[in-house]
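Visitor: sequence? don't have it. structure:
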């Protein structure tokens, strides 16, 4: 089964900081095509801005490799700017992630994978990296 997911920047950072971790396993599923990333230009720009921060010291080739995998497999989602969100999010920078997942859910099941669930409304499709892996593993066992 293939899963569609918006990957919050904090998951990407965590995956790059610790190569053997739950977030890195989520990103590995992106690289293998098990998870199809959903994004738009604003999300991609945030990925670039955050990953290139000096405090992380990520090598540019590593950043390029991860982002190229994501871009190569991604579905770009245009959000409907005329539909206001029903929810007010505590961090305005998170709005784009929520908009993309909500737009994508009009056509398919989609998840928002984040380490900061408290930044989003309680929805069953807003999951932690661990919950995303549990969903994948549960579906794999039932196949």
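Guide: Good, I have the coordinates. Please read these numbers as outputs of a predicted model, since none were measured by experiment. Numbers count the residues shown, from 1 in each chain.

Visitor: So for stretch 93-111, mean pLDDT?
Guide: The predicted model gives stretch 93-111 an average pLDDT of 93.

Visitor: which residues sit against that stretch?
Guide: 3-6, 8, 38-40, 42-43, 46, 75, 77-80, 85, 87, 89, 112, 114, 116, 119-121, 125-127, 132, 135 (C-beta atoms under 8 Å, 6 or more residues apart in numbering). In this view, the C-beta of every residue, glycine as well, is placed from N, C-alpha and C.

Visitor: run the last query once more with 7 Å
Guide: 3-6, 8, 38-40, 42-43, 77, 79-80, 85, 87, 89, 112, 119-120, 125, 127, 132 (C-beta atoms under 7 Å, 6 or more residues apart in numbering).

Visitor: likewise stretch 68-83?
Guide: Counting by C-beta under 7 Å, 6+ apart, 30-31, 33, 36-40, 99-100, 103-104 sit against stretch 68-83.

Visitor: Just checking: what are the partner strands of the host helix or strand of residue 6?
Guide: Element membership for residue 6 (DSSP states H and E) is strand 3-7. Sheet pairing here is set by DSSP bridges, and for strand 3-7 it gives strand 35-39 (parallel), strand 111-113 (parallel).
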